[in-house]
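Asker: predicted model and sequence below, questions to follow.
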Amino acid sequence: MLTSFLFLCYNRENAARRQGRSWTFLEELKPGRYRHFKGGEYRVIGVATHSETMEKMVVYAPLYNDSGLWVRPLSMFLETVEREGKTFPRFTYIGE
């Protein structure tokens with residue numbers, strides 16, 4: 001499933017280049033491993049655009065199980081959360 005998704009992105013980017021357009025799928029957030037503030041680790045594939053609302057969505061998959069790909073609004077992915085009186089980033093980049 002992930003391979004098909006990445007192949008689709010690669011093909012769209014190449015088609016856009018042939019037409020003289022820029023198709024920047026991964027520019028808003030660095031792909032790689034992220035830790036959720038509750039401790040789970042995830043692989044971020046990149047950022048996609050919702051076809052109806054044009055909202056930026058993070059495409060990611062948990063590394064602790066095989067539950068497939070998930071999406072979350074970029075704004076929510078990057079926000080901070082408060083827990084027990086302390087503020088944390090919802091996700092923290094931990095490497096490639």
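Answerer: Thanks, I have the structure now.

Asker: okay, CA-based contacts and neighbour counts for the rest of this
Answerer: Will do.

Asker: so who does the residue nearest to the spatial centre of the chain touch?
Answerer: In the chain, the centroid-proximal residue (Cα atoms, centre = their mean) is residue 58; its distance is 2.9 Å. Contact analysis of residue 58 by Cα atoms under 8 Å, 6 or more residues apart in numbering lists 44-48, 71-74, 77.

Asker: quick one: distance of the helix or strand hosting residue 82 to the chain centre.
Answerer: Using DSSP states H and E, residue 82 maps to strand 80-83. Computed by Cα atoms, centre = their mean, to the nearest Å, the chain-centroid distance of strand 80-83 equals 20 Å.

Asker: how about stretch 80-90?
Answerer: 21 Å.

Asker: is residue 72 in contact with residue 59, as I believe?
Answerer: Yes. Shown here, residue 72 and residue 59 form a contact pair, counting by Cα atoms under 8 Å, at 7.0 Å.

Asker: show me which of those two is the more surrounded one.
Answerer: Comparing residue 72 with residue 59 by other Cα atoms under 10 Å, the one with more neighbours is residue 59, at 19 against 13.

Asker: distance of the more buried one from residue 81?
Answerer: For residue 59, the distance to residue 81 equals 20 Å [Cα to Cα, to the nearest Å].

Asker: show me which residues of the longest strand along the chain are buried.
Answerer: Across the chain, the longest stretch assigned as strand under DSSP state E is strand 41-49. Neighbour-count burial for strand 41-49 flags 41-48 (criterion: 16 or more other Cα atoms under 10 Å).

Asker: one more: stretch 73-83?
Answerer: Using 16+ other Cα under 10 Å as the test for burial, stretch 73-83 gives 73-74, 77.
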